[in-house]
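>>> predicted structure and sequence below. I'll ask about it afterward.
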Number of protein chains: 2
Amino acid sequence: MKATGIVVEYNPFHNGHLYHAQQARQKAGADVVIAVMSGQFLQRGEPAFADKWTRTEMALASGIDIVFELPYVYATAQASDFAKGAIELLGAAGCESFCFGSEEGSIEPFLNTWELLDSQRDTYERSIHEAVQTGISYPKALNEAYHSLTGSRSGFADLAKPNNILGFHYIEAAQKSGSTIKPLTIQRIAAGYHDPIQPGSNIASATGIRRAFFEEGSLEGIENYLPAPSLSALKAFHEDYGAFGSWTQFYPLLRYSILKERPHNIKRFSEVAEGIEHLIFESAKKEPTFEGFINRVKSKRYTRTRIQRMLTHIYTGFTWDQLRSFEGPSYLRLLGMSETGRHYLNGQKKNIGLPLISRAADLADPMGEIDIHASSMYFLGLGADNLKREYTTPPIYFG
Amino acid sequence: MKATGIVVEYNPFHNGHLYHAQQARQKAGADVVIAVMSGQFLQRGEPAFADKWTRTEMALASGIDIVFELPYVYATAQASDFAKGAIELLGAAGCESFCFGSEEGSIEPFLNTWELLDSQRDTYERSIHEAVQTGISYPKALNEAYHSLTGSRSGFADLAKPNNILGFHYIEAAQKSGSTIKPLTIQRIAAGYHDPIQPGSNIASATGIRRAFFEEGSLEGIENYLPAPSLSALKAFHEDYGAFGSWTQFYPLLRYSILKERPHNIKRFSEVAEGIEHLIFESAKKEPTFEGFINRVKSKRYTRTRIQRMLTHIYTGFTWDQLRSFEGPSYLRLLGMSETGRHYLNGQKKNIGLPLISRAADLADPMGEIDIHASSMYFLGLGADNLKREYTTPPIYFG
């Protein structure tokens, strides 16, 4: 059986994701679509809108064959590490290819970009470093450095677009991993990464969908943008927890944590940049709401996303020392599978490059313990009582 | 002007406290009654029922002349350190005497006990240590060791009674401090330390009063036991915060903190005894309510009070290293005064043995920073938004 891989967050799973999965299957000529999905915390440094099992359910109900969890260590990391973790897992799972959505829509510009940057890595990195020194954000600096390399030549990926950047990191991760996994891309349609929902379309970005929910306080305005199983899974989640995951919801615990830790401890947590611990502490002291807080902390230099990743680590207690102790993913945690997915895994058992973990009890590994811990932290943020769910939930089987 | 000192928590201020203050003034022949009062966290290892300003207001309205805050470092410590901090502050404030309530009711037995134990300190401490090794609690061990010293002789204080124990620690602290402050005691009347409220009496223990409130959910059943100003101060507090301080109220934050810290960090916090960090962690994971949690953790060896002191330090983030860094109180923080209290302080300015602090902004001292921090942690537990109160509240003047 031929497998292709995708890297996803499904926050929540919507019609655009459905389209992406169908296109990936077709483009790769694959029998099996394998998703590596972030767990309870996401790359934008946020708690997931719904928990990882709910999101797995959505994915399986809409045609994904296997869902593996991207460990917390990678899921909440900067783009290059996020991509490294995800692509290594897809390789270990036996995927012949992986397929990402991009604004670019064809793979050659990415390969050209990779060759250009790889051959001029020193110049490139030096000019990023110099640009950051002027006080601009890392993404901006990267973009400026890139433009000075490509000049007016065409044929390269446009790295000002968010999905193109992520795509580039996937290519880079695949090249560096030395695996034979083949990159494919499809054009993202209709909605940009952060766009609000558009009347008349049935495709919207996940950001737009979440925002519409938080503004309206109901799922009704967004039902056109979600496959029916996604909508009912979200409804069930909301019935269980009375809320969706967001920093607004988690802020009382986050705020307590920041104030308890005080600046000298805050700087121990992963991604917390030198000196910003004081601003984080003073802002939490002053601001009773998350929006008030984040508006004080974010800046030209440190984007909201970057700050939110720091907050995720402060919230869960993940330190620089922990981050530095890992070199690559050490297991494949199975969150769910379809009947096809099960066939595939049974057939592949000998070829799978990492231990296949179905039960949390078997995750006796420092990286796995962090996933289990992050899951407790997530459910506490929702005010949930039962923190045993990580141990009691088997992989979801969608037959 | 002649001053006498009392050591109090006023959690909340009730008719028994009123009687104690009046008796102390009379017995000491004092013009001024000075209270050293615990701040936001108490010696039993609990958040205060109402905050320190509300409790100061109650005290001043019922005839106390000056209220100083017992720093967190002492207020939440075991009895001997609690007493040391309090008695040193009363000495520094210029008190000629201090007066404590006891079951014993006269001072000679305490002085006899002190002489006996001081002269046989080595034997006494060795036999406490041996008794603890058998697995009983520290208070029980102390009592057994004491009995084997006194034998059947009379004339010693009965250290099986909770107020007598505390009284003994005050005497010990006064003797060790080398000051000339004179100990006095009055008999506690009507209600034992932990007794429930008794119909037909107007004196009840603070524990009984709090329990009656938490069981009934209203202040109505307890109004007979409180001076009128106490009742109205409690009503105002409840109107402001919608709750009173308790571990039940603070448990969501405490639980999150325990689960975030995990055993290897939990043991850094003050009073956490070797090995118990695992039980604390596993119990928090399992139990969604504080009562369920504490029932799992307490034992014959570690009493509820001892465990609660550990929890207080986990909750506020106060470590063994911090505890060990202090040798004695370094300031007198004024929480409030009457007109008489003001006269006294004006007259005593030159005799006061420690810096007199009226504003939090002047507490730039590691011990004082802990008080300010504990105050933030207290208000967060109540779900309060405004954490600046420590800086914006001047000493209460009751003219």
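Thanks, I have the structure now.

>>> can you list the residues of chain A near chain B?
A:252-253, A:255-257, A:259-262, A:265, A:285-286, A:288, A:315-317, A:373, A:376-377, A:380, A:383, A:385-388 (Cβ under 8 Å from any Cβ of the partner chain). The C-beta positions use only the backbone N, C-alpha and C, and glycine is treated the same way.

>>> could you point out which element follows the host helix or strand of A:L323?
For A:L323, the host element (DSSP states H and E) is helix A:320-324. Sequence-wise, the next helix or strand downstream of helix A:320-324 (DSSP H and E) is strand A:332-338.

>>> please identify the buried residues of that following strand?
Buried residues in strand A:332-338, counted by 16 or more other Cβ atoms under 10 Å in any protein chain shown: A:L332, A:R333, A:L334, A:L335, A:G336, A:M337, A:S338.

>>> out of these, the closest to chain B would be?
A:R333 (20.1 Å; Cβ to the nearest Cβ).

>>> nearest residue to the closest one other than its sequence neighbours?
A:E69 (4.2 Å; Cβ to Cβ, 6 or more residues apart in numbering or on different chains).

>>> and the one you found, how far is that from chain B?
20 Å (Cβ to the nearest Cβ, to the nearest Å).

>>> go on, A:T76?
A:T76 is 15 Å from chain B, by Cβ to the nearest Cβ.

>>> for that residue, phi and psi?
In terms of degrees, to the nearest 10, the main-chain angles of A:T76 are phi -110, psi 10.

>>> ok, it - contacts?
A:S38, A:F41, A:L42, A:Q43, A:G45, A:R309, A:T312, A:H313, A:F318 (Cβ atoms under 8 Å, 6 or more residues apart in numbering or on different chains).

>>> surely the residue nearest to A:R333 and A:I372 touch.
No - between A:E69 and A:I372 there is no contact under Cβ atoms under 8 Å: 10.8 Å.

>>> what about stretch A:125-136, distance to the chain center?
Remark: stretch A:125-136 is offset 26 Å from the chain centroid, using Cα atoms, centre = their mean, to the nearest Å.

>>> export the lengthiest helix in chain A as CSV, just CAs?
Looking across chain A with DSSP state H, the single longest helix is helix A:247-266. Output in CSV follows, covering the C-alpha atoms of helix A:247-266 (Å, rounded to 0.1, in the frame of the first residue of the first chain):
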residue,chain,number,x,y,z
TRP,A,247,-6.0,31.8,25.9
THR,A,248,-9.0,33.8,27.0
GLN,A,249,-10.2,30.6,28.7
PHE,A,250,-6.8,29.7,30.1
TYR,A,251,-5.8,33.2,31.2
PRO,A,252,-6.6,32.8,34.9
LEU,A,253,-4.2,29.9,35.3
LEU,A,254,-1.6,31.5,32.9
ARG,A,255,-1.7,34.7,34.9
TYR,A,256,-1.4,32.9,38.2
SER,A,257,1.5,31.0,36.8
ILE,A,258,3.3,34.1,35.5
LEU,A,259,2.9,35.9,38.8
LYS,A,260,3.9,32.9,40.9
GLU,A,261,7.1,32.3,38.8
ARG,A,262,8.2,35.9,38.8
PRO,A,263,10.8,37.1,36.3
HIS,A,264,13.8,35.0,37.6
ASN,A,265,11.9,31.8,37.0
ILE,A,266,10.0,32.9,33.8
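
>>> tell me the helix or strand right after that helix.
With DSSP H and E, the next secondary element past helix A:247-266 is helix A:276-286.

>>> can you tell me which helices and strands that next one packs against?
The contact analysis (3 or more Cβ pairs under 8 Å, 6 or more residues apart in numbering or on different chains; DSSP states H and E) places helix A:276-286 against helix A:247-266, helix A:290-297, helix A:304-316.

>>> pull out the buried residues from it.
Counting neighbours by 16+ other Cβ under 10 Å, helix A:276-286 gives A:I276, A:E277, A:L279, A:I280, A:F281, A:S283, A:A284 as buried.

>>> JSON lines for those, including pLDDT?
Shown next, in JSON lines, are the buried residues of helix A:276-286 (pLDDT from 0 to 100):
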{"residue": "A:I276", "pLDDT": "96"}
{"residue": "A:E277", "pLDDT": "97"}
{"residue": "A:L279", "pLDDT": "97"}
{"residue": "A:I280", "pLDDT": "98"}
{"residue": "A:F281", "pLDDT": "97"}
{"residue": "A:S283", "pLDDT": "97"}
{"residue": "A:A284", "pLDDT": "97"}
